[in-house]
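[1] Below are the sequence and a predicted model; questions follow.
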Amino acid sequence: AAIACTNKGYTAAAGGVRVLFAGPDIDNTLSWNVAASQPEDIYGICAVNNVLIAVGVAGSNTLRSLDGGATWTSSPIASGELWGVSRGPAADDVAVAVGEDGQMWRTTNAGLAWTSILPVTAALLFAVTRCIGAMVAVGSNGVIIRGTNNGLTWAVIPAGVSGDLFAVSAWLMTVIAVGRSGQIWRSSDAGATWAPCVSPTSSNLYAVTSSPTGRWTACGASGTIVQSMDDGKTWVLQVSPVTETLRGATAHIPTGRAILVGAATSIIVE
């Protein structure tokens, strides 16, 4: 599952071939609508200004929506699966998608056209995010790579992580990566250096999101939810309203509240 929010508060969530979308009123369950099913599974979504971009299985592995997730157009660009996508660090129409075998793709026009980037790792890259002046992607066996030059130039960051990292998110210079067995890693310098955090769970964490207030939320297996109120330094296990695995997280704009999504069409609004 994946979820993203545009800068006008329109939110789209995807799981498999199904897409749900909602306007700014995220508290009203009736405001969530079902879009037309897509031909292939979707793994990642991001917003580039008011455009939503989704990535997934080869065959239709980039999709684009101009109406808040109601309708989508697809264009295959890669031979393998794409797992994550993020807008670049500048206030323009750049986005970067990552996936199998370390492949990376970059668009400068909000998903209309894509160009491949020379891989710097052969690891499967699960997720990518932006922070001030850089981008960070994470993947299997603890790989972390960092992009500069608005997503054009990438390098592997030796952080000493041993387990898979499934998700990454950032706010300003702080970057948080989460993964297997509940591990949480934090960078305070836009992904250049990393340190482990004490985690309150041993469950796999599949998604993480930030908020402008310094509050972070991560979620994962069996409905696990953990939060930090001090910019990702310390984390506390939360009481979860669900037991289904949660795989996507985003911060709603403009409220900053976390929205989590997962199995059985679970949508949890903070």
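    Okay, I see it. Here the structure is a predicted model, which is why all the values come from computation and not from measurement.
[2] start to end distance for stretch 222-232?
    Distance between the two ends of stretch 222-232: 22 Å, counting by CA to CA, to the nearest Å.
[3] List the contacts of that stretch.
    Residues from elsewhere that reach stretch 222-232 (CB atoms under 8 Å, 6 or more residues apart in numbering): 171, 174, 176, 182, 184, 186, 197, 199-201, 203, 205, 210, 214-219, 234-246, 260, 262, 266, 268. All C-beta atoms are positioned from the backbone trio N, CA, C, and that covers glycine.
[4] Now which of those would you call buried?
    Burial by neighbour count, 16 or more other CB atoms under 10 Å: within the contacts of stretch 222-232 this picks out 171, 174, 176, 182, 184, 186, 197, 199-201, 203, 205, 210, 215-219, 235, 238, 240, 242, 244-246, 260, 262, 266, 268.
[5] Just these: which are in strands?
    Mapping these onto strands (DSSP state E) picks out 171, 174, 176, 184, 186, 197, 205, 216-219, 246, 260, 262, 266, 268.
[6] Where does the most centrally placed residue in the chain sit, in terms of helix or strand?
    Closest residue to the average C-alpha location of the chain: Ala127 at 5.7 Å, with CA atoms, centre = their mean. If you go by DSSP states H and E, Ala127 is part of strand 125-131.
[7] Just checking: what are the partner strands of that strand?
    Strand 125-131 has its sheet partners listed here by DSSP bridges as strand 134-139 (antiparallel).
[8] after the partner strand, next one along is what?
    Downstream of strand 134-139, the first helix or strand assigned by DSSP H and E is strand 144-148.
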